[in-house]
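Participant: Give the three-dimensional model of this entry:
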Amino acid sequence: MERPTARQRPKPQAPGTDAPNPCEPQETEGDCARPAILVVDDEEGIRDAFREVLTIAGYKVHVAADGKQAMAVIGSNGDVGLIITDLIMPNREGVETILEIRRRYPMLKIIAMSGALAGELTAVKTLGADIVLAKPVASSVLRRAVSQLLA
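Facilitator: Residues are numbered from 1 along each chain as shown. Sure, this is the predicted structure:
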């Protein structure tokens, strides 16, 4: 099955507005130069907050509740360029997910985060995370980390 072209896809709206998502292709423009971001966290409130912050910053955002869902999203969306993942999750936790992403998709950028394992974040970097963040993560810190990896 062919993917629809930019002219065939409906234009997603930025949350809370009638304006098109700034990162979606427009009819007069080429494809979005920014890769999409996948936010992986078992807490819905964190997924929603990160999606809002990153969408407002102009990124297309996918979400997943655990590592198992994350791998399915990556496999079905060729536009993902950055993963932001929690470490403690059900079904497939973050370290296992990071290791699988590094094995299957070595070019993807990864931000790992945790509140429960804040002391272990440095070790996670040696396993494949590009940046590690301790929760809670301020919006400005999140945007800066994303910009650093996708610059």
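
Participant: name the element the residue nearest to the spatial centre of the chain belongs to?
Facilitator: In the chain, the residue lying closest to the centroid (C-alpha atoms, centre = their mean) is Leu38, at 2.3 Å. In the assignment (DSSP states H and E), Leu38 maps to strand 36-40.

Participant: So which bits of the helix or strand just after that strand are buried?
Facilitator: For strand 36-40, the succeeding helix or strand toward the C-terminus, using DSSP H and E, is helix 44-56. Neighbour-count burial for helix 44-56, with 16 or more other C-beta atoms under 10 Å as criterion, is recorded at Ile46, Arg47, Ala49, Phe50, Arg51, Val53, Leu54, Thr55. To be clear about C-beta, it is placed using only N, CA and C from the backbone, and glycine gets the same treatment.

Participant: now helix 44-56 against strand 36-40, angle please.
Facilitator: Taking axes from the mean of the first three to the mean of the last three C-alpha atoms, to 10 degrees, one finds helix 44-56 and strand 36-40 inclined to each other by 170 degrees.

Participant: Can you find the helix or strand in this protein with the smallest mean pLDDT?
Facilitator: Lowest on mean pLDDT, DSSP states H and E among the helices and strands of the chain sits helix 121-126, with a mean of 79.

Participant: for that one, packing partners?
Facilitator: Secondary-structure packing of helix 121-126 (3 or more C-beta pairs under 8 Å, 6 or more residues apart in numbering; DSSP states H and E): helix 94-104, strand 109-114, strand 131-134.

Participant: got a list of contacts for that helix?
Facilitator: Leu87, Gly94, Val95, Ile98, Ala112, Met113, Ser114, Leu117, Ile131, Val132, Leu133, Ala134 (C-beta atoms under 8 Å, 6 or more residues apart in numbering).
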